[in-house]
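1. build the 3D model from these lines:
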Amino acid sequence: MSENNDSTSSASPDSTAAADAAPSATWKDKTWHALYPEWVRPELDYAAEHERTLAEIFDHAVKTWPKRPAMTFFGTTLTYGDYGREVRKCAAMLHNRGVRKGDCVAIALPNCPQALISFYAVLSLGATATLHNPLYTARELTVAFKDHGAKVGIFWDKAVDAARELRTITPLEQIIPVTITRSMPWYLQTALRIPVKPLRAMRSKLAGSTEGLTEWGDLVKDASESEGRALIETAEVTPDDIALVLYTSGTTGVPKGAGLSHRNLCANIIQGREWVPGLGEDDEPERMLAALPIFHAYGLTMNITLGPLIGGTVILLPAPEKPLLAGAMKKQQPTWIPGVPALYQTIMDIAEDEKIDISGVKASFSGASSLPVEVVKRWENMTGGLLVEGYGLTETSPIVLGNPMSDDRRPGYVGVPFPDTQVRIVSQDDPTVVLPAGEAGELVTRGPQVFGGYLNRPDANESSFVTGQDGLGDWFRTGDMAVMESDGFVKIVSRIKEMIVTGGFNVYPQEVEEVLADHPSVAAASVVGVPRSDGSETVAAGIVLAEGARLDEEVLKDHCREGLARYKVPRIFQIFDELPADQMGKVRRVEVQAQMTGE
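-> Residues are numbered from 1 along each chain as shown. Purely as a prediction, here's the structure:
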């Protein structure tokens, strides 16, 4: 995904006329259907029995594949039958703690069995799950918790201190801590208790204190499975119920809760199943590498909700660290890997260094940042499977565009619209004006996976949608600048949004700038992304020092870590006499970035 903030274009007087010409009619004519491989149908059925809600899909998987492995975690395996029993018990536990249909339940966990069980327990009760980064500080979570109003929160025990603070300033009342090591095999749990330095360090990294609180596992163990079964069977979960709320800051830096319905989320995994040839059709289950965090729409949809739809086995990694990736590639041998460019690069380096055969990977789908051609070639040579790039957003469940899983894929492009999905390119100044093929404008989209709006934000909803004049639905404004070719392929050329993508995570400059500005040595700051060779970005800060102050990078990094997740902390600092700004005093981040990169 290229970055070129100067490419933004507005409609010329001729643009409206050109929009009626044949090249710009792509979005109407759905020309891209000609690029679909033979197995991809342009229109799909989203009302099939057992596929109308995520709760139905999960229940169907439990009944269809009770003895099939549903997930693995550090060597522990849960079958779909085990999964169903744990979800029923967890549902009973949550109901006993006051969770009812329509309530929000906050989940702040890394990838672990407890996170998946809690997620489906919440949905099976007709409640709404809201997923959060467990590494966030209370400061980073406050706006979201005040917005969704969850009274019950399930937190990694390492995040309990933040949870306790949230309980004093938000509607949160009940904290349920999770010790993820309890899902490990007994021999690993025993090993972690050995008082030697390396194991102490690992134990400290994986587990925190739950003093004064009852741990999730104890609560679930004491719950009644039969009670949970009865509650789930009588829950009236509908396709239009909000299943999930994920927070995204968009262009403003202020978190907004995107409410995704069961219909939205089911549609996207049904589209994904259609897109990838043979996915889930073998007698042996797909082995799905879940290295991306489930509190992001991409990591959740392409593994955790897709898994039960196809009866796949999800390989859970709490973090995409080299030792964990090496173990997963060697022992579990994934067949399906959704990821980001940096993840594929890391896996290939590990495979070469440790002589690991990764030829069992059938297909991989990359998102979040631009996918370098060199990575694609190397990956396909090493695996024998295809690696294609796609595009999506939290608000679209998340995937809208994908390269065909065929020889028609096109490097440098994010692909063509998924089945039943429409996109078009419009003037940024007037989104009712459709631009002709080949001209850059804002990408807008509509389809069954597109959300209905933000929680409690009528202002944002009004500005985020363009009324459809054909009665077929409104168009969501993505905030990204793109070009659509006459055959339907789309290239992202720049972001209207100024967020930074680092390692698959989104960083919003304004948030980091506010933390930096709190330090006495900083008079002003501008945060930008510096492109890396893997297609991701490094968080960098241009700093104007306070009078008499000197730059101490480690002090500023420590200061940032107190209020920000580690991936948001700037890695590069550069002193500016003054930050470039326009006549209104607004800092020009493009110029800051240019000076920091020497371009």
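2. so the residue lying closest to V539 once chain neighbours are set aside, which of the three states?
-> In this structure, V539 finds its nearest non-sequential neighbour in P570, 4.8 Å apart by C-beta to C-beta, 6 or more residues apart in numbering. Bear in mind the C-beta positions are built from the backbone N, C-alpha and C, glycine included. In three-state terms, and counting by DSSP: H, G, I helix; E, B strand; the rest coil, P570 is coil.
3. what is the neighbour count of P570?
-> By other C-beta atoms under 10 Å, 27 other residues sit near P570.
4. ok, the one 10 residues further on next?
-> In terms of burial, P580 registers 15 neighbours under the definition other C-beta under 10 Å.
5. the residue nearest to it when sequence neighbours are not counted: how many residues sit nearby?
-> For P580, ignoring the flanking residues on the chain, the nearest one in space by C-beta to C-beta, 6+ apart is E591 at 4.0 Å. Other residues within reach of E591, judged by other C-beta under 10 Å, total 17.
6. and E591, that one's in a strand?
-> No: E591 is assigned helix when assessed by three-state DSSP, not a strand.
7. so how far is A581 from it?
-> As judged by C-beta to C-beta, to the nearest Å, E591 and A581 stand 9 Å apart.
8. do H60 as well
-> Distance from H60 to A581, by C-beta to C-beta: 57 Å.
9. ok, the two, which is more surrounded?
-> A count of neighbours by other C-beta under 10 Å puts H60 above the other of H60 and A581, at 17 against 14.
10. which other helices and strands does the longest helix seen in the chain contact?
-> Criterion DSSP state H: the longest helix present in the chain is helix 80-96. Using 3 or more C-beta pairs under 8 Å, 6 or more residues apart in numbering; DSSP states H and E, the elements in contact with helix 80-96 are helix 54-64, strand 69-73, helix 113-124, helix 216-221, helix 225-234.
11. buried sites along that helix?
-> Using 16 or more other C-beta atoms under 10 Å as the test for burial, helix 80-96 gives 80, 82-95.
12. what's that helix in contact with?
-> By C-beta atoms under 8 Å, 6 or more residues apart in numbering, the residues outside helix 80-96 that reach it are 58-59, 61-71, 78, 105, 113, 116-118, 120-122, 124-125, 127, 152, 219-225, 227-229, 231-232, 308, 311.
13. so for that helix, mean pLDDT?
-> Helix 80-96 carries an average pLDDT of 99.
14. tell me the angle that helix makes with strand 69-73.
-> If you take axes from the mean of the first three to the mean of the last three C-alpha atoms, to 10 degrees, helix 80-96 sits at 70 degrees to strand 69-73.
15. got the angle for helix 80-96 vs helix 113-124?
-> Using the same axes, to 10 degrees: helix 80-96 against helix 113-124 is 60 degrees.
16. what about the strands in the stretch 351-500 of the chain?
-> 363-366, 386-392, 399-402, 416-417, 422-426, 441-446, 465-466, 475-484, 490-495, 500-502 (DSSP state E, counting those that start in this stretch).
17. want to try a markdown table for the ones you listed, with mean pLDDT and distance to L317 as columns?
-> As requested, the strands of the stretch 351-500 of the chain are exported to a markdown table (pLDDT from 0 to 100; distance: least, C-beta to C-beta, whole Å):
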| stretch | mean pLDDT | distance to L317 |
| --- | --- | --- |
| strand 363-366 | 96 | 16 |
| strand 386-392 | 96 | 19 |
| strand 399-402 | 98 | 21 |
| strand 416-417 | 98 | 31 |
| strand 422-426 | 96 | 33 |
| strand 441-446 | 95 | 31 |
| strand 465-466 | 95 | 37 |
| strand 475-484 | 93 | 29 |
| strand 490-495 | 83 | 28 |
| strand 500-502 | 86 | 19 |
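18. out of the ones you listed, which gets nearest to I270?
-> In terms of C-beta to C-beta, the element of the strands of the stretch 351-500 of the chain nearest to I270 is strand 399-402, at 11.4 Å.
19. helices and strands around that closest one, which ones?
-> When contacts are defined as 3+ C-beta pairs under 8 Å, 6+ apart, strand 399-402 packs onto helix 262-275, strand 386-392, strand 416-417.
20. would you turn those into JSON lines with mean neighbour count and distance to G212?
-> Formatted as JSON lines, the helices and strands packed on strand 399-402 follow (neighbours: other C-beta atoms under 10 Å; distance: least, C-beta to C-beta, whole Å):
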{"stretch": "helix 262-275", "mean neighbour count": "24", "distance to G212": "36"}
{"stretch": "strand 386-392", "mean neighbour count": "25", "distance to G212": "41"}
{"stretch": "strand 416-417", "mean neighbour count": "28", "distance to G212": "52"}
